[in-house]
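Student: here is a sequence with its predicted model. Questions after.
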Amino acid sequence: MSDSDKVFAGSIPENYDRFLVPLIFEGFAADIAGRAASSSPRAVLETAAGSGVVTRALAPRLSPDVRYVATDLNQPMLDYAAARQGADARISWRKADAQALPFEAAAFDIVCCQFGAMFFPDRPSAYRQARRVLRSGGRFLFNVWDRIEENVFANDVTNALAEVYPSDPPRFLARTPHGYHDTALIRTELEKAGFSNVTIETKAMQSRAPSPRHPAIAYCQGTPLRNEIEAREVGKLDAATDYAASVIATRHGSGEVSAKIQAHVITAVA
């Protein structure tokens with residue numbers, strides 16, 4: 001993973017939340033929220049909270065006296081999430097590295113993380129940290145995207161940009177968001193970190209958008225893929241986005257579009 005893969009700055013957080021969240025994240029956020037709330041936790045830690053889609057889905061399901069700490073390493077995303085959430089005395093927002101959590105041992109009943117593990121440079125360290133801050137019997141609940149070929153719009157955009165830049169195709173989506181899908185590896189890393197009863201469910205959903213341009217903007221301008229495009233040709237972001245939209249339209253139609261998305265949902269017990 002390159003350093004640019006972790007840069008969610010400028011207009012990326014807004015485009016991420018406006019376009020990418022409804023396209024691919026909201027359904028899985030509701031799934032994570034339902035699983036996390038099912039055990040009525042009293043203390044919840046969320047890592048890699050991003051623009052707050054899980055926080056917004058989970059907080060209404062929790063008791064009035066719950067303690068909810070939402071963290072992210074990226075301050076612009078954390079600021080955006082806090083602004084979207086609105087006032088809630090139960091929730092505190094804190095910049096924190098999932099690989100070096102600044103919390104006491106056995107402080108939480110649940111640690112949850114939506115589509116963040118793929119971005120951790122040292123996943124075993126992050127898993128050991130999650131295990132450390134969980135109480136005995138607590139649950140680490142997270143999801144990761146399956147391989148890019150099982151996530152159609154992301155694959156369409158990646159293939160489209162390979163046509164635009166054939167000598168140096170931007171590979172952010174395949175390399176990072178869809179680069180950690182080996183379930184045997186995930187299970188092994190969690191068990192080495194001290195977790196037991198690891199369950200992995202592969203879950204498919206439908207990604208829906210009002211037009212082909214929506215997923216093109218979501219991926220090209222709402223993720224660090226934007227940084228890769230702009231590094232290759234200054235001033236051509238809109239043209240690259242337009243071409244990705246045209247490829248999606250050719251494959252899926254010019255009106256409302258839908259396509260498969262697929263992820264692994266993991267639960268591990270401390």
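Tutor: Nice, thanks for sending it over. Numbers count the residues shown, from 1 in each chain.
Student: which parts of stretch 245-265 are buried?
Tutor: Of the residues in stretch 245-265, those with enough neighbours to count as buried (16 or more other Cβ atoms under 10 Å) are 245, 247-249, 252, 257, 259, 261-265. For every residue, glycine as well, the C-beta is placed using N, CA and C.
Student: let me know the closest of those residues to Asp72.
Tutor: Proximity of these to Asp72 (Cβ to Cβ) peaks at Ala263, which lies at 19.4 Å.
Student: now that closest one: which helix or strand?
Tutor: Applying DSSP states H and E as the criterion places Ala263 in strand 257-269.
Student: which elements pack onto that strand?
Tutor: helix 26-37, strand 134-145, helix 152-164, helix 183-192, strand 196-209, helix 237-252 (3 or more Cβ pairs under 8 Å, 6 or more residues apart in numbering; DSSP states H and E).
Student: next, the angle strand 196-209 makes with the last one.
Tutor: Direction vectors for helix 237-252 and strand 196-209, defined by axes from the mean of the first three to the mean of the last three Cα atoms, to 10 degrees, enclose an angle of 90 degrees.
Student: go on, the shortest one?
Tutor: With the same axes, to 10 degrees as the criterion, the two stretches helix 183-192 and strand 196-209 enclose an angle of 140 degrees.
Student: quick check: buried residues in helix 183-192?
Tutor: 186-187, 189-190.
Student: identify the farthest-apart pair in the residues you listed.
Tutor: Pairwise distances across those peak at 7.4 Å for Arg187 and Glu189 (criterion: Cβ to Cβ).
Student: what do these two both touch?
Tutor: Shared between the contact lists of Arg187 and Glu189 (criterion: Cβ atoms under 8 Å, 6 or more residues apart in numbering) there are no residues.
Student: next, Pro102: phi, psi?
Tutor: With angles defined as degrees, to the nearest 10, Pro102 sits at phi -90, psi 50.
Student: thought it was touching Ala96?
Tutor: Yes: counting by Cβ atoms under 8 Å, Pro102 sits close enough to Ala96 to count as a contact (5.7 Å).
Student: shared neighbours of those two, which are they?
Tutor: Shared contacts of Pro102 and Ala96, defined by Cβ under 8 Å, 6+ apart, are not found at any residue.
Student: which one's more surrounded, these two?
Tutor: For Pro102 and Ala96, the more surrounded residue by other Cβ atoms under 10 Å is Ala96, and the numbers stand at 21 against 11.
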